[in-house]
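Student: model the structure of this input:
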Amino acid sequence: MMFLLSTIRKDDQKRKKFIFLISWITSVFSLVLDKYLLIFTFFYYLHHYIFFSFSQYRTKVICPYAKKFVSIFQPRKN
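Tutor: Numbers count the residues shown, from 1 in each chain. Sure, this is the predicted structure:
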């Protein structure tokens with residue numbers, strides 16, 4: 001971005017302000033997007049951790065049907 005600003009003539013301040021504004025907007029947008037992606041990823045892995053820990057290791061305590069539900073997704077034994 002600094003290279004773009006340095007290539008513009010000194011008398012062309014409108015273009016310089018426009019490039020600065022566009023770069024500022026895209027950087028703010030990327031920060032916001034990164035924040036939401038981080039939150040989404042956290043909850044996604046938290047959901048999978050809770051689901052697998054409750055369904056595979058605590059089937060007798062939590063839910064008697066969880067073992068049957070998990071067995072659907074496991075490969076068959078010959």
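Student: and the host helix or strand of V32, what's buried?
Tutor: Secondary structure assignment for V32, by DSSP states H and E: helix 13-52. By 16 or more other C-beta atoms under 10 Å, the buried positions in helix 13-52 come out as K16. The way it works is simple: take the backbone N, C-alpha and C, and place the C-beta from them, glycine included.
Student: which other helices and strands contact it?
Tutor: Here helix 13-52 touches helix 2-7, going by 3 or more C-beta pairs under 8 Å, 6 or more residues apart in numbering; DSSP states H and E.
Student: quick check: mean pLDDT of the helix holding V32?
Tutor: Average pLDDT, helix 13-52: 78.
Student: need the contact list for L31.
Tutor: For L31, the contact set (C-beta atoms under 8 Å, 6 or more residues apart in numbering) is empty.
Student: that one and W24: what is the separation?
Tutor: Separation of L31 from W24 (C-beta to C-beta, to the nearest Å) stands at 11 Å.
Student: ok, S30 next?
Tutor: 11 Å.
Student: same question for H47.
Tutor: H47 is 35 Å from W24, by C-beta to C-beta.
Student: same question, K17
Tutor: Going from K17 to W24 by C-beta to C-beta gives 10 Å.
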